[in-house]
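In: just to be clear, the model below is a prediction. Sequence and coordinates:
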Amino acid sequence: MATRPKARTDQLLVQRTGQETLIYDERTHRAHCLDARAARVWELCDGERTEKDIAAAYGDGATGVAVVRWTLGELEKAALLEGDDGAEAREALSRRTLMKTVGLAAIPVILAITAPKARAAVSSCSSTGQQCDTKQCCAGPQACNPVTLVCQ
């Protein structure tokens, strides 16, 4: 059975800015920035088109097929597709393989960032092991770890 990917619409805030599409996922508190190529693939995921149909609509022949397959995998990892019935059957395509096939400049870009939890934005000093942010101080000689956002 051919997979018919469908773009998720629930609990997403979508804003188009120029050629990019910004998506904030209220479930995971992650923001995603899709370049024009990735946004085009995401918009073509209507639950009616198969991967092959999406690749045909995307264009670029065999190159387009590789780009669409890779982009669908990335959209799936970002949880921007609804339960994709054929996702497990989709052949994984590595970024390295895609670069060899289409070149670096043709790879769609999907960037993600996690928004801090509300309590991490509180501006009070924290002690070792407690959450903080880089604007906060940690009690004593501890510093806020910018990766884990925990006083150490």
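Out: Looks like it came in fine. Numbers count the residues shown, from 1 in each chain.
In: quick one: low-confidence ranges for this protein?
Out: 1-2, 84-109, 115-143, 145-147, 149, 152 (pLDDT under 70).
In: show me the helices in this protein, by range?
Out: Here the chain has its helices, by DSSP state H, at 36-44, 51-58, 61-77, 95-102.
In: any buried residues in the third one, and which?
Out: Of the residues in helix 61-77, those buried under the neighbour-count criterion (16 or more other CB atoms under 10 Å) are 63-75. C-beta coordinates here come from the backbone N, C-alpha and C atoms, glycine included.
In: cool, the first one as well?
Out: For helix 36-44, a neighbour-count test (16+ other CB under 10 Å) marks Arg37, Ala38, Ala39, Arg40, Val41, Trp42, Leu44 as buried.
In: need these in CSV (columns: distance to Ala56).
Out: Shown next, in CSV, are the buried residues of helix 36-44 (distance: CB to CB, whole Å):
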residue, distance to Ala56
Arg37, 15
Ala38, 18
Ala39, 18
Arg40, 13
Val41, 12
Trp42, 16
Leu44, 10
